[in-house]
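1. Return a 3D structure for these sequence lines:
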Amino acid sequence: MWSDLSNQPAFVAVTSVVAGLSVIWVFRKIAKKHKRSKLRKQWSNAGKDVVVLHQFVRGKYCINLSPYAVKVETFLRLANIKYIVDSEIPFGPKGKCPWITLNGEELGDSEMIIQKLIDHFKVDLDNHLDTRRKAQLETVRITADEFVFWFVVTWRYWLDGCKSFLKSQSFSSFLNFVFPLFMKKGIKVKARYQGIGHHTPDEIYGIAKSTCRALADVLGDDPYFGGEQLSTADCSVFGQLSQLMWNAPDSHYEALVTEMYPSLGAYCNRMKEKIFPDWYKLLNPPME
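-> Modelled structure (predicted):
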């Protein structure tokens, strides 16, 4: 005969716990939905054609831990587009950071965001370039967004276990503890899918060196990758190199741009001074 489990104390206790957790989950979902609805009203009140840039909170030395957030914010400033920053909800409709709200429309993915801004605001940062040079800089952009990004995050979150990276952020003690636990496993899986995760640490560092050398060779003696004038590609390159320059303190990856290829470090400082004269005030905490 089947026993009546509903009369067993253990069964009742487990059922109570499950029911309690379900109630908590439902209330959290409702609270999150209410918060997002309230924030949406604030974003809508930002004004016509004012971009709301949703991204992570600022860091100690770099304006963002996401190279793509730095990329988009750099473009907004170069294009002289009015924007405000929101750090309450950093992940957008595609589960990516950053994302934007523009006149009520939500859009994710940094490249799609920039293309939307180009079309909407009729911006052309590359009108000083010929067709061949534009194609060359698109290759540079892809190199930065795809190659530099992957060796940085693979080293930062997996190989180094966030040790260097956490020095550059103003996280709480709790987040300092749990962040590496979640990120290490997740990035390890993604890096293996991407392909770079199948290499040894030395081989990945070799990829980093050759990529930085190529970028330094392309830059040459020019102040920017667009030459004497800034280009759209500079937004991507600066976004990615900013992670080596300011979010990898006291590491051999930081040394790639400060010692091995110092022209890249000088480029980062040049970009910071030209586009973000308020850089130190934006940091968390702000610096004088």
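
2. centroid residue for this structure?
-> Nearest to the geometric centre of the chain sits residue 66, at 1.6 Å (Cα atoms, centre = their mean).

3. Quickly note the distance from that one to residue 57.
-> According to Cβ to Cβ, to the nearest Å, residue 66 stands 11 Å off from residue 57. C-beta here means a position set from N, CA and C on the backbone, and glycine is covered the same way.

4. Check residue 186 too.
-> Distance of residue 186 to residue 57, computed by Cβ to Cβ: 20 Å.

5. Next: residue 120.
-> 27 Å.

6. State the three-state secondary structure for residue 77.
-> helix (DSSP: H, G, I helix; E, B strand; the rest coil).

7. isn't it right up against residue 275?
-> Yes - using Cβ atoms under 8 Å, residue 77 makes contact with residue 275 at a distance of 5.1 Å.

8. Quick one: low-confidence residue ranges for the stretch 1-150 of the chain.
-> 1-38 (pLDDT under 70).

9. so where do the strands sit in it?
-> 51-54, 83-86, 99-102, 105-108 (DSSP state E, counting those that start in this stretch).

10. Figure out which of these is closest to residue 162.
-> strand 51-54 (23.0 Å; Cβ to Cβ).

11. ok, and for the closest one, which residues are buried?
-> 51, 52, 53, 54 (16 or more other Cβ atoms under 10 Å).

12. want to try TSV for those, with distance to residue 231 as columns?
-> Compiled in TSV, the buried residues of strand 51-54 are given as follows (distance: Cβ to Cβ, whole Å):
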residue	distance to residue 231
51	20
52	25
53	21
54	25
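
13. State the pair within those that is farthest apart.
-> Largest pairwise distance in those, by Cβ to Cβ, is 9.9 Å, between 51 and 54.

14. list residues touching both of these two?
-> 100, 101 (Cβ atoms under 8 Å, 6 or more residues apart in numbering).

15. How about the contacts made by residue 269?
-> residue 245.

16. Can you classify it by secondary structure?
-> Per three-state DSSP, residue 269 ends up helix.

17. Also the one 4 residues further on?
-> Per three-state DSSP, the secondary structure class of residue 273 is helix.

18. show me the contacts for it.
-> With Cβ under 8 Å, 6+ apart, residue 273 has these contacts: residue 279.

19. Can you lay out the strands of the stretch 1-150 of the chain as a markdown table showing distance to residue 145?
-> Converted to a markdown table, the strands of the stretch 1-150 of the chain look like this (distance: least, Cβ to Cβ, whole Å):
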| stretch | distance to residue 145 |
| --- | --- |
| strand 51-54 | 18 |
| strand 83-86 | 21 |
| strand 99-102 | 16 |
| strand 105-108 | 15 |
